[in-house]
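In: Sequence plus predicted model, see below.
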Amino acid sequence: MKRTLFYLLFSLFCFFSYSQGFTLKVHSQHLAFDSLKLQKFNGNRGYKTLISLPHSAQVVFKQKKALPAGYYRVAGDTTLLFHLLISDEKKENFVVTISNGAVVFENSEENNHYIAFNKKTEEFIYKRDSLNNIFEKAQTTETPQKLQQIASMLIEQMNALLAADEAYKMRVAAENKGTLLASIANFSREIRPIAHPKNQNEFLQYYVKNIFKHYNFSDSRLTTHPMLADKMNEWCKFVFDLSIEDGAKAVNLLLDQAQANTKTYEVFFDLLERKFGFFVSDYWTEEIYLKMLNNALNYNNLSSNRRTRYEALYQSYNKNLPGQQVPDFQIMWPDNHTSSLYDFESEYLILFFQNPDCPTCAEMHKILSENEELSQAIDSGRIKVLSVYFNENENLWRTYVKTKGNPRFFYGWEWQHKIVDDELFYLPNIPYLFLLDKDKKVIKKELFKNEISYYLHQLKLL
């Protein structure tokens, strides 16, 4: 009985010790703020305020539930005061003193080390930028011979600076092993510039391969740090400049590495999706997004909600791919006769889905109409433009054709609404253009306005 009681009390002690809440006491003097805010990075560009309190000489942030391990910061109004790393959810009782501009944690060596680490990083950036500034100035003032001497000297100094920075960050990681700081220190290690790349592709491949070389994919705490989003933005720029095939391979490999941790995988997928999976992104690339979705659907630890969403997206984007024959549908023409898409003969065809009420559709119609090379190719008889309206307002369509139609184009109404009802095409936005061959096979899915002349030349239509 006594032994049973002992184990019960011990278990309760462990439970309450582990499930203790979060407390952060901030002691400060002579700070002129209205409020102090505990914030976390929102994963994009800003910070979300978790707790906001009126400023006083002692402010206590606390809540019953522990904060998830990760990166946080405290701001006075909009001014950053200090960062906060939480590596262990069992130890969430912090005391900080701010005096004469110095920030000291009374009971967290990791956070004190992080303050020193940030200061050292700022010193490195200052020295690196100073060397770059010296070279940029020399380019405008020195002779080629003198410039070569200066460049050699600066390269030697830069290499020494990079070596010292590398050694310091590796030492910080080793001395703080197992903490979030260790992962941050490793990930922030500078990439040595590639020496004498043979071409642009080799340059791009080098940085794509190495930007995440020192990232700890197993440490989900690192996903809360803004450095990840910054590095991802940089990485995606390089990937976008690769060929689509190489870019898809790079994204797939990165997601394979991210599978080391479910949280890491989800954050990496979401960051990549913002770049390659959203139409509003300058980096939108359907081929890469399809590769991402396929990777996710083959990840065993994917949540059921994500799997449902990705399966639907994969099915939608997998329609009407290059080389596939588009579905047939019935068309009503302005003279009221009907036929099918497959009855419409043309060596090449721009299938233009649009709506007369859509401003961007009107803009695309104008661009197509004013493209002199397209008009020349149409007049040669080798390509046609077919504008298809697939909504219900017949009067709107007929008025549009009569008043704004281009005599070089063909206009049809898909009055049976099978394009939408039977989901024959995936049209996430309009206008949407396909370039088809004589058999109605896709040459280019989602033909962009700046690609029209390119394909006319590729197909030797001019």
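Out: That came through fine.
In: C-alpha only now, for contacts and for neighbours.
Out: Will do.
In: counting contacts, what elements does the host helix or strand of Lys137 pack onto?
Out: Using DSSP states H and E, Lys137 falls within helix 109-141. Identification of packing neighbours for helix 109-141 by 3 or more Cα pairs under 8 Å, 6 or more residues apart in numbering; DSSP states H and E yields strand 79-86, strand 102-105, helix 144-175.
In: Now do the longest one and helix 109-141, the angle between them.
Out: Which is helix 144-175. Calculated by axes from the mean of the first three to the mean of the last three Cα atoms, to 10 degrees, helix 144-175 forms an angle of 170 degrees with helix 109-141.
In: Would you map out the domains in the chain?
Out: What automatic domain parsing lists as the domains of the chain is 17-107, 116-317, 330-458.
In: returning to that earlier point: got the angle between the helix holding Lys137 and strand 79-86?
Out: 130 degrees.
In: Buried ones in helix 109-141, by neighbour count?
Out: Within helix 109-141, the residues that count as buried by 16 or more other Cα atoms under 10 Å are 110-115, 117, 121, 124, 131-132, 135, 138-139.
In: now the residues you listed as JSON lines including pLDDT?
Out: Shown next, in JSON lines, are the buried residues of helix 109-141 (pLDDT from 0 to 100):
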{"residue": "Glu110", "pLDDT": "97"}
{"residue": "Asn111", "pLDDT": "97"}
{"residue": "Asn112", "pLDDT": "97"}
{"residue": "His113", "pLDDT": "97"}
{"residue": "Tyr114", "pLDDT": "97"}
{"residue": "Ile115", "pLDDT": "97"}
{"residue": "Phe117", "pLDDT": "97"}
{"residue": "Thr121", "pLDDT": "95"}
{"residue": "Phe124", "pLDDT": "93"}
{"residue": "Leu131", "pLDDT": "92"}
{"residue": "Asn132", "pLDDT": "92"}
{"residue": "Phe135", "pLDDT": "91"}
{"residue": "Ala138", "pLDDT": "88"}
{"residue": "Gln139", "pLDDT": "90"}
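In: JSON lines for those residues, including distance to Asn201?
Out: Below are the buried residues of helix 109-141 laid out as JSON lines (distance: Cα to Cα, whole Å):
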{"residue": "Glu110", "distance to Asn201": "41"}
{"residue": "Asn111", "distance to Asn201": "41"}
{"residue": "Asn112", "distance to Asn201": "42"}
{"residue": "His113", "distance to Asn201": "39"}
{"residue": "Tyr114", "distance to Asn201": "37"}
{"residue": "Ile115", "distance to Asn201": "39"}
{"residue": "Phe117", "distance to Asn201": "35"}
{"residue": "Thr121", "distance to Asn201": "31"}
{"residue": "Phe124", "distance to Asn201": "29"}
{"residue": "Leu131", "distance to Asn201": "27"}
{"residue": "Asn132", "distance to Asn201": "25"}
{"residue": "Phe135", "distance to Asn201": "26"}
{"residue": "Ala138", "distance to Asn201": "29"}
{"residue": "Gln139", "distance to Asn201": "27"}
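In: for the residue lying closest to Ala362 once chain neighbours are set aside, helix, strand, or coil?
Out: Distances taken as Cα to Cα, 6 or more residues apart in numbering put Pro356 closest to Ala362, at 6.9 Å, once the chain neighbours are dropped. State at Pro356, reduced to three classes by DSSP: H, G, I helix; E, B strand; the rest coil: coil.
In: quick one: contacts for Pro356?
Out: Neighbour list for Pro356: 362, 389, 396-397, 400 [criterion: Cα atoms under 8 Å, 6 or more residues apart in numbering].
In: Just the buried subset of those, please.
Out: Among the contacts of Pro356, those buried by neighbour count (16+ other Cα under 10 Å) are 362, 389, 397.
In: Of those, which belong to helices?
Out: Within the buried ones among the contacts of Pro356, residues falling in helices by DSSP state H are 362, 397.
In: Doesn't Val26 belong to a helix?
Out: No - secondary structure of Val26 (three-state DSSP): strand, not part of a helix.
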